[in-house]
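**Q** Below is the structure, and that's it, no one-letter string:
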């Protein structure tokens with residue numbers, strides 16, 4: 001016990017970042033710091049259970065950009081990262 005778990009969920013689509021945790025485009029930026037690269041502007045949520053995180057991931061997945069390709073009718077055409 002005493003451990004805290006935080007959750008962020010982001011999508012990179014056409015060179016633009018989107019916060020999948022809340023679905024808003026808040027001008028998320030990738031910045032370089034002395035400690036390394038990080039994304040600024042994401043909503044961070046504190047999780048209380050694995051079920052809660054899975055629910056947030058399901059909600060975020062529904063917010064992802066998708067469109068058809070020649071190979072797949074519902075390709076995401078994006079990259080999503082859960083942090």
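**A** Thanks, I have the structure now. Predicted model only: the values in this text are computed from it and were never measured.
**Q** can you give me the helices in the chain?
**A** 50-62 (DSSP state H).
**Q** Okay, now the unreliable bits of it?
**A** Within the chain, the stretches with pLDDT under 70 are 1, 66-77.
**Q** mind listing the strands in it by residue range?
**A** 5-7, 9-13, 16-19, 29-33, 36-40, 45-47, 79-82 (DSSP state E).
**Q** Any chance of the ones you listed in JSON lines with mean neighbour count as columns?
**A** Every C-beta, even on glycine, is put in place using the N, C-alpha and C of the backbone. Formatted as JSON lines, the strands of the chain follow (neighbours: other C-beta atoms under 10 Å):
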{"stretch": "strand 5-7", "mean neighbour count": "13"}
{"stretch": "strand 9-13", "mean neighbour count": "19"}
{"stretch": "strand 16-19", "mean neighbour count": "19"}
{"stretch": "strand 29-33", "mean neighbour count": "9"}
{"stretch": "strand 36-40", "mean neighbour count": "11"}
{"stretch": "strand 45-47", "mean neighbour count": "13"}
{"stretch": "strand 79-82", "mean neighbour count": "14"}
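**Q** Any chance of these in JSON lines with distance to residue 57 as columns?
**A** JSON lines is the format used below for the strands of the chain (distance: least, C-beta to C-beta, whole Å):
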{"stretch": "strand 5-7", "distance to residue 57": "8"}
{"stretch": "strand 9-13", "distance to residue 57": "7"}
{"stretch": "strand 16-19", "distance to residue 57": "13"}
{"stretch": "strand 29-33", "distance to residue 57": "22"}
{"stretch": "strand 36-40", "distance to residue 57": "17"}
{"stretch": "strand 45-47", "distance to residue 57": "11"}
{"stretch": "strand 79-82", "distance to residue 57": "6"}
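**Q** Minimum distance to residue 58: which of the ones you listed has it?
**A** strand 9-13 (10.5 Å; C-beta to C-beta).
**Q** Each with direction, which strands does that closest one pair with?
**A** Its sheet considered, strand 9-13 pairs with strand 16-19 (antiparallel), strand 79-82 (antiparallel) by DSSP bridges.
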